[in-house]
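A.B. asks: dropping a prediction and its sequence here:
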Amino acid sequence: MARVLIVGAGLTGSLCAALLRRELPRPHLAHLEVWEKARGAGGRMATSRRGGASNADSTADLGAQYVTRGPDSARRHPSFYEDLLAHGILKPLTAVLEGMVVKEGAENFVTPQGTSSIVKHYLKESGADIFYDRQVTHIYLRDGKWEVCVNTGSSDQFDVVILTMPVPQILQLQGDIVNLINKSQRQQLESVSYSSRYALGLFYEAGTQIDVPWAAQYISNNPCIRFISIDNKKRNIESPDIGPSVVVHTSVSFGTEYLECDKEKVQQLILDHLKEIMPQLPVPASIKCQRWRYSQVTKAFPGNPGQITLHAKPFLVCGGDGFTHSNFDGCIDSATSIVEVLKSSL
Ligand code: FAD
């Protein structure tokens with residue numbers, strides 16, 4: 001009878017929760033909780049929403065843009081794609097994405113409700129109790145259980161803890177976990193690296209026209225901007241009642257150079273560059289600036305193991321795209337390997 005805690009409500013954490021519910025029925029899985037430091041689910045599959053009466057459904061994908069099923073993923077993970085397609089969470093990408101490199105045999109999918117709808121689908125399936133605004137800070141070993149503490153000062157005990165955040169955030173945790181990570185594991189964890197970039201979400205009033213012949217465009221000749229998407233058009237949800245939204249991703253070199261700068265100043269710099277590329281773009285009603293300190297994995301944990309077990313009894317494991325690679329398949333690989341190793345430990 002295990003009380004299980006998953007830290008992080010991103011794709012890996014939510015998939016782990018759903019797979020644990022499928023594969024570890026009661027009595028093994030007595031209680032499943034997910035703790036997330038942000039106010040909502042998604043992680044780097046974040047969908048930002050602009051509230052307000054006239055724009056209730058104006059949303060923008062600030063992280064992942066689309067899901068690619070390559071020939072290898074079609075062979076290895078068919079059921080994951082079929083499930084999301086059957087639920088209408090994934091739809092084939094039909095819009096024009098200029099400058100996109102289309103790999104042979106690959107298919108691309110968008111999420112009409114935004115990429116966070118994938119994560120929400122798995123969280124719902126898992127039936128887990130989900131708590132937001134809970135940033136795990138310390139993990140202690142007490143009487144054969146994990147005592148997990150959060151920034152608000154409260155704590156709870158679990159038999160199993162699964163960490164799914166980016167590796168540098170795992171290494172920031174304090175408490176007994178610091179001494180449980182052995183020297184070689186620490187060296188390997190420290191070798192994992194990520195790119196950094198900024199994303200802007202621009203939200204417009206319903207009825208605003210953005211007249212460009214494409215739904216998204218990769219930009220190769222601007223020092224700041226790498227990608228622009230008319231996000232509702234990319235997701236094929238053009239409607240007179242919903243304000244359009246535009247997503248801008250910066251290049252990694254720009255993201256790295258301005259990583260520690262004031263977000264408002266960076267936002268203005270990105271808007272200045274955007275004006276050069278799209279001088280006719282209307283003024284948005286609101287803007288969201290997202291700093292992705294850990295955007296995509298540039299060097300994964302050696303050997304791409306999917307997870308590493310930090311402690312066997314009680315069980316403490318860490319996974320996420322840092323242990324595979326940064327896309328949907330990478331997170332499936334990590335979540336399935338976490339669940340396999342947990343099953344074999346019971
Ligand atoms: P995360 O999504 O980072 O989830 C970890 C969660 O843990 C987060 O929600 C975080 O808030 C939470 N957390 C961190 N620390 C704590 C703590 N101490 N306590 C509690 N919670 C904590 N992939 C694609 O497939 N296609 C794409 O087009 C694509 N484009 C991308 C573009 C950008 C700009 C970015 C940033 C990523 C992109 N990716 C893309 C990669 C993809 O988004 C990631 O690989 C994937 O979302 C990683 O999921 P994860 O669950 O492993 O990690």
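C.D. replies: Nice, thanks for sending it over.
A.B. asks: who touches whichever residue of the stretch 101-250 of the chain sits closest to the ligand in this structure?
C.D. replies: Nearest to the ligand, among the residues of the stretch 101-250 of the chain, is residue 165, at 3.3 Å (CB to the nearest ligand atom). Where you see a C-beta, it was placed from the backbone N, CA and C, and this is true even at glycine. Residue 165 makes contact with 7, 8, 10, 320, according to CB atoms under 8 Å, 6 or more residues apart in numbering.
A.B. asks: what's the answer for residue 169, then?
C.D. replies: With the criterion set at CB under 8 Å, 6+ apart, residue 169 makes contact with residue 294.
A.B. asks: ok so it is a strand residue?
C.D. replies: No: counting by DSSP: H, G, I helix; E, B strand; the rest coil, one finds residue 169 to be helix, located in no strand.
A.B. asks: so residue 142 touches residue 155, yeah?
C.D. replies: No: applying CB atoms under 8 Å as the test, residue 142 and residue 155 come out as separate, 9.5 Å apart.
A.B. asks: next secondary structure after the host helix or strand of residue 254?
C.D. replies: Taking DSSP states H and E as the criterion, residue 254 maps to helix 252-257. Next in sequence after helix 252-257, counting helices and strands by DSSP H and E, comes helix 263-277.
A.B. asks: now do the buried residues in that next one.
C.D. replies: For helix 263-277, burial by neighbour count (16 or more other CB atoms under 10 Å) applies to 266, 267, 269, 270, 271, 273, 274.
A.B. asks: can you narrow the contacts of residue 165 to ones near the ligand?
C.D. replies: Applying CB under 6 Å from any ligand atom to the contacts of residue 165, one finds that 7, 8, 10, 320 fall near the ligand.
A.B. asks: can you give me the helices for the stretch 1-150 of the chain?
C.D. replies: 11-23, 71-76, 78-86, 116-126 (DSSP state H, counting those that start in this stretch).
A.B. asks: what's the pLDDT at the nearest residue to residue 152 once chain neighbours are set aside?
C.D. replies: Of all residues not flanking residue 152 in the chain, residue 134 sits nearest, at 7.4 Å (CB to CB, 6 or more residues apart in numbering). You'll see residue 134 listed with a pLDDT of 98.
A.B. asks: tell me the contacts of residue 134?
C.D. replies: Residues in contact with residue 134 (CB under 8 Å, 6+ apart) are 35, 36, 37, 150, 151, 152.
A.B. asks: got the contact list for stretch 307-318?
C.D. replies: For stretch 307-318, using CB under 8 Å, 6+ apart, the contacting residues are 139, 141, 144-146, 158-164, 167, 170, 177, 180-181, 185, 188-189, 301, 319, 323, 334, 337-338, 341-342, 345.
A.B. asks: average pLDDT across it?
C.D. replies: Across stretch 307-318, pLDDT averages out at 96.
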